[in-house]
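Enquirer: what follows is a predicted protein model with its sequence.
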Amino acid sequence: MLFTSHAIVGAAVGAAAGDPIYGFLGGIVSHHVLDAIPHFDQGTFYLERSGPQYLGMAQISNYRGDFSRRDWVVLFIDWGIAAAVFGAVFWATPVSRWELIVLGAFGGLLPDLIDSSPLWSKKLRAAFGAVAAYHTFHAFFHWTVARKELWLGIATQAALLAVSLAYLLGYLTKS
């Protein structure tokens, strides 16, 4: 799942929770729920066959372990979209409601910040057994689509974004 999707859905979960701690924890849970449905991310470009371990399926990948230039471009475009959306959300939201949105979004992003960063995740896994164990858990529920299923991975994220943004828009306009 892309950064934008995890952040926006997490923000909506945080707003719906109405409590900062529950919003943060709900964001973390939402991350794993979202990863368990077919989705597009940088891994899509490397997969010949997709499917999650939790359904007994095996992925066939040609990934060599290096974050490519294309991966960085996708990541920066994704970050840019998220920044623009959150800029609009914060512009339209009273400061008193930011905490729920930010903590939900942070919870939604935290699993990938720990386990999927091209800058530090491999080092964290090598240094800490708990992070390596978490990686196994995270990967078990992950369903990145293969290149030939790109349309499905984009469609699921578009639907999730639409529902989450609609909820946030309603939340923002509540008095």
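Expert: Perfect, thanks for sending it. Numbers count the residues shown, from 1 in each chain.
Enquirer: with just CA atoms, put stretch 10-23 into PDB.
Expert: Extracted in PDB, the C-alpha atoms of stretch 10-23 (Å, rounded to 0.1, in the frame of the first residue of the first chain):
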ATOM      1  CA  GLY A  10      -5.100   6.200   9.300                       C
ATOM      2  CA  ALA A  11      -6.200   9.900   9.600                       C
ATOM      3  CA  ALA A  12      -9.800   8.900   9.100                       C
ATOM      4  CA  VAL A  13      -9.500   6.100  11.700                       C
ATOM      5  CA  GLY A  14      -8.000   8.600  14.100                       C
ATOM      6  CA  ALA A  15     -10.800  11.100  13.500                       C
ATOM      7  CA  ALA A  16     -13.400   8.300  13.900                       C
ATOM      8  CA  ALA A  17     -11.800   7.000  17.100                       C
ATOM      9  CA  GLY A  18     -12.200  10.400  18.800                       C
ATOM     10  CA  ASP A  19      -9.400   9.500  21.200                       C
ATOM     11  CA  PRO A  20      -5.700  10.100  20.400                       C
ATOM     12  CA  ILE A  21      -4.500   6.800  21.800                       C
ATOM     13  CA  TYR A  22      -7.200   4.800  20.200                       C
ATOM     14  CA  GLY A  23      -6.700   6.700  17.000                       C
END
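Enquirer: now what about stretch 99-114, what contacts it?
Expert: Defining contact as C-beta atoms under 8 Å, 6 or more residues apart in numbering, one finds that stretch 99-114 is touched by 3, 6-15, 17-21, 23-32, 34-35, 86, 89-90, 93, 121, 124, 131, 134, 138, 168. Heads up, the C-betas are built off the backbone N, CA and C, glycines and all.
Enquirer: which residues in the chain form helices?
Expert: Secondary structure of the chain by DSSP state H: the helices cover 3-17, 20-35, 69-92, 98-115, 121-127, 129-140, 150-173.
Enquirer: deepest in the core, which of those is it.
Expert: Comparing the helices of the chain by mean neighbour count (mean count of other C-beta atoms under 10 Å), helix 3-17 ranks first with a mean of 26.
Enquirer: can you list the weak-confidence ranges in the chain?
Expert: 63, 175 (pLDDT under 70).
Enquirer: repeat the analysis, applying 80 as the threshold.
Expert: 49-52, 56-66, 171-175 (pLDDT under 80).
Enquirer: report the central residue of it.
Expert: Central residue of the chain (C-alpha atoms, centre = their mean): H6, 3.1 Å from the mean position.
Enquirer: tell me how far the ends of stretch 45-60 are from each other?
Expert: 12 Å (C-alpha to C-alpha, to the nearest Å).
Enquirer: and it, how far out from the chain middle?
Expert: 18 Å (C-alpha atoms, centre = their mean, to the nearest Å).
Enquirer: which residues are contacting that stretch?
Expert: Under the contact criterion C-beta under 8 Å, 6+ apart, stretch 45-60 has outside partners 36, 38, 61-63, 68, 70-71, 139-147, 149.
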